[in-house]
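Visitor: How does the following fold in three dimensions:
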Amino acid sequence: MKPYKYAVLTYLFGGYDKLHPIITKTPDTQYVLVTDNRNLVSDDWTIVYKDFPDTLSDFDKCLYVRYHPFEFVNADIVLRIDASVQVRDDLTRIFQDFEKGDSQLAVHIHPTRNTVYDELVAWVQQRGMDIDEANKVIQFMTQYEGYNVKDYKHLIQLPWSMEKNTPAIQRLDELTYAWNKYLGNGSDFRCDQCVFSFVIAKYFNLLPIDVWDMRILFGKYFLWYPHNSDVPFQFDIKDLKPAYWLNKRIQTKREQDL
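Guide: Down below sits the predicted model:
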């Protein structure tokens with residue numbers, strides 16, 4: 001028996017994000033912040049200090065925590081959020097809905113793009129990704145794995161996700177982490193949501209998964225901020241593209257469904 005029913009996990013390395021206060025906590029829920037900054041303190045989070053090798057970049061450290069969540073929490077259901085996501089309300093209904101269902105994972109899809117290719121193009125044009133790095137990902141997925149990065153509509157965004165501690169989820173996380181490390185090859189490869197999307201589509205497409213859209217981050221329970229900012233993102237439902245999952249048009253899960 002785990003000492004907590006649920007857990008919320010976040011991570012903060014290198015001052016990349018600004019930690020936001022939790023407005024309302026959930027009973028019987030562990031709130032864990034993993035960091036290597038021993039000067040960081042919080043009244044809201046239980047801080048776990050993790051010392052990594054000096055060879056790891058700050059984002060590599062985030063990736064390790066993101067894909068090894070149950071090393072850091074004492075619960076069998078964990079909600080992972082970036083430090084840029086604020087918890088605003090009691091999450092009991094979200095946790096209970098997920099717990100009683102068959103799904104082992106909950107994610108939200110990308111709001112404005114739906115293919116890995118479009119996401120990599122955006123990272124090259126808008127976020128400074130080296131084009132050779134993007135081409136390496138495309139080559140790996142297309143030539144070695146036979147994945148249609150341009151046309152297969154299936155793209156996850158990862159500031160928020162939820163998992164049950166099952167063997168399938170452990171394999172999914174380990175494979176995603178390993179391929180991120182391989183594709184990075186020592187560089188600070190940051191587009192892990194492309195890899196996570198690919199791994200699910202290619203190898204875990206029978207895994208039961210709850211699929212939300214980005215409205216989950218702008219509703220009752222959460223609010224999403226740009227990195228290191230106190231001003232939340234501006235969100236307009238009109239900006240949402242049609243939702244696709246595993247190359248099929250879907251209806252996403254919504255707060256009002258809880």
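
Visitor: Residue 23 versus residue 191, what's the distance?
Guide: Look at residue 191 and residue 23: by Cβ to Cβ, to the nearest Å, they are 31 Å apart. Where C-beta positions appear, they are placed from N, C-alpha and C, glycine not excepted.

Visitor: So between these two, which is more surrounded?
Guide: Of the pair residue 191 and residue 23, residue 191 is the one with more neighbours under other Cβ atoms under 10 Å, namely 23 against 13.

Visitor: any weak-confidence spans in the stretch 51-200 of the chain?
Guide: Filtered on pLDDT under 70, the stretch 51-200 of the chain yields the residue ranges 185-188.

Visitor: What ranges does it have for its helices?
Guide: 58-66, 92-100, 116-126, 131-139, 167-184, 192-203 (DSSP state H, counting those that start in this stretch).

Visitor: what helices or strands is whichever strand in the chain runs longest leaning on?
Guide: When the chain is parsed with DSSP state E, its longest strand is strand 156-164. Counting contacts by 3 or more Cβ pairs under 8 Å, 6 or more residues apart in numbering; DSSP states H and E, strand 156-164 packs against strand 77-81, helix 92-100, strand 105-109, helix 192-203, strand 222-224.

Visitor: Rebuild these as a markdown table, extending it with mean neighbour count.
Guide: Below are the helices and strands packed on strand 156-164 laid out as a markdown table (neighbours: other Cβ atoms under 10 Å):
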| stretch | mean neighbour count |
| --- | --- |
| strand 77-81 | 23 |
| helix 92-100 | 16 |
| strand 105-109 | 22 |
| helix 192-203 | 22 |
| strand 222-224 | 19 |
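
Visitor: Between those, which one is closest to residue 125.
Guide: With respect to residue 125, and counting by Cβ to Cβ, the nearest of those is helix 192-203 at 14.9 Å.

Visitor: picking that back up, ok, and what's touching the longest strand of the chain?
Guide: Defining contact as Cβ atoms under 8 Å, 6 or more residues apart in numbering, one finds that strand 156-164 is touched by 66, 69, 76-82, 84-85, 94, 98-99, 103-111, 169, 173, 192-193, 196-197, 200, 210, 214, 216-217, 222, 224.

Visitor: Ok, stretch 70-80 next?
Guide: Under Cβ under 8 Å, 6+ apart, the answer for stretch 70-80 is 2-10, 29-30, 32, 34, 48, 50, 65-66, 69, 91, 94-95, 98-99, 160-165, 170.

Visitor: try 7 Å this time
Guide: Outside stretch 70-80, the residues that touch it by Cβ atoms under 7 Å, 6 or more residues apart in numbering are 2-9, 30, 32, 34, 48, 65-66, 69, 91, 95, 98-99, 161-165.

Visitor: Weed out the non-buried ones from these.
Guide: In the contacts of stretch 70-80, burial by neighbour count holds for 4-9, 30, 32, 34, 65-66, 69, 91, 95, 98, 161-165, counting by 16 or more other Cβ atoms under 10 Å.

Visitor: what's the span of stretch 14-28 from first residue to last?
Guide: Length of stretch 14-28, first residue to last, Cα to Cα, to the nearest Å: 30 Å.

Visitor: try stretch 149-158
Guide: End to end - Cα to Cα - stretch 149-158 spans 18 Å.

Visitor: which parts of that stretch are buried?
Guide: Neighbour counts using 16+ other Cβ under 10 Å place 149, 152-158 of stretch 149-158 among the buried residues.

Visitor: for stretch 205-221, same thing?
Guide: So, applying 16+ other Cβ under 10 Å, buried residues of stretch 205-221: 209-218, 221.

Visitor: now for those residues, which pair is the farthest apart?
Guide: The span of the buried residues of stretch 205-221, defined through Cβ to Cβ, is set by 209 and 218 at 21.3 Å.
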